[in-house]
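Asks: I need the structure of the sequence given here:
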Amino acid sequence: MISGRPVRAVADSAYAAGHRGSERKDVYCPPRRGLPEVDMSACGRVTMGESAITHVYYCRNLLCEGGLPAALVRLERDGAAVEAMPCGGKIDPRYILKAFELGAAAVCVLVCPVFLCRSLEGSARAGRRIDLVKELMAEAGLDPNAVALFRPESLESQAIGEAAEQAARFVASFVQLGKEVTG
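Replies: Residues are numbered from 1 along each chain as shown. Down below sits the predicted model:
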């Protein structure tokens, strides 16, 4: 308890007010180290309250020197919700299921190679979570193939670009399928 309030309530109010740890001594907010700052204001991002045809989640550690791979930029321009995750292992099955609840035709996740993950187990954890989502979707009668995980072979920009292209082809196949069903 801090000043009569639970610690969680103080932390929530600090984040809501936009305070960082250096300004509030009663809340510890670790600094972001080693992650490139990305200006997302120019991106036409789709928020969770809006619907997008497809959702693409990617590990922020995959960012190339030049920013997002061209395939992800194209997807975002075409109306896909492209969201950065601090680590691919942070993908929560609820995010994916919520995307389908909002009407997404497909969801894909782009993560680091298994043995090159900066978080040691983040990529493997993402794989297990995607498998869980596929099981839940099959139980619910939805197409489990509408969720896919993509891993580049290495952290080189060319390999990341190829994995992003695979994700773009996956998304395009579901967008075309959706147009054929509705059209």
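Asks: Quick check: end-to-end length of stretch 137-156?
Replies: 33 Å (CA to CA, to the nearest Å).
Asks: Can you tell me what sits against that stretch?
Replies: When contacts are defined by CB atoms under 8 Å, 6 or more residues apart in numbering, stretch 137-156 is touched by residues 62, 96-97, 100, 105-114, 116, 123, 126-127, 130, 133-135, 159-160, 162-164, 166-167, 170, 174. (Each C-beta comes from the backbone N, C-alpha and C, glycine too.)
Asks: pLDDT of that stretch, averaged?
Replies: In this model, stretch 137-156 carries a mean pLDDT of 92.
Asks: on that earlier part again, just the contacts of stretch 137-156: which are in helices?
Replies: Judged by DSSP state H, helices contain the following of these: 96-97, 100, 123, 126-127, 130, 133-135, 159-160, 162-164, 166-167, 170, 174.
Asks: hmm, back to that, filter the contacts of stretch 137-156 to the buried ones?
Replies: Listed as buried from these are 62, 96-97, 100, 105-113, 123, 126-127, 130, 133-134, 160, 162-164, 166-167, 170, 174; burial here means 16 or more other CB atoms under 10 Å.
Asks: immediately after the helix-or-strand element of the chain with minimal mean pLDDT, which helix or strand?
Replies: Sorting the helices and strands of the chain by mean pLDDT, DSSP states H and E puts helix 7-16 at the bottom, at a mean of 40. Tracing the chain past helix 7-16, the next element assigned as helix or strand by DSSP states H and E is strand 54-59.
Asks: Now do that following strand: which elements does it pack against?
Replies: On a contact count with 3 or more CB pairs under 8 Å, 6 or more residues apart in numbering; DSSP states H and E, strand 54-59 meets helix 70-77, strand 81-85, helix 93-101, strand 106-110, helix 122-140, helix 157-182.
Asks: how about JSON lines for those, with distance to H55 added?
Replies: JSON lines is the format used below for the helices and strands packed on strand 54-59 (distance: least, CB to CB, whole Å):
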{"stretch": "helix 70-77", "distance to H55": "10"}
{"stretch": "strand 81-85", "distance to H55": "5"}
{"stretch": "helix 93-101", "distance to H55": "4"}
{"stretch": "strand 106-110", "distance to H55": "5"}
{"stretch": "helix 122-140", "distance to H55": "12"}
{"stretch": "helix 157-182", "distance to H55": "9"}
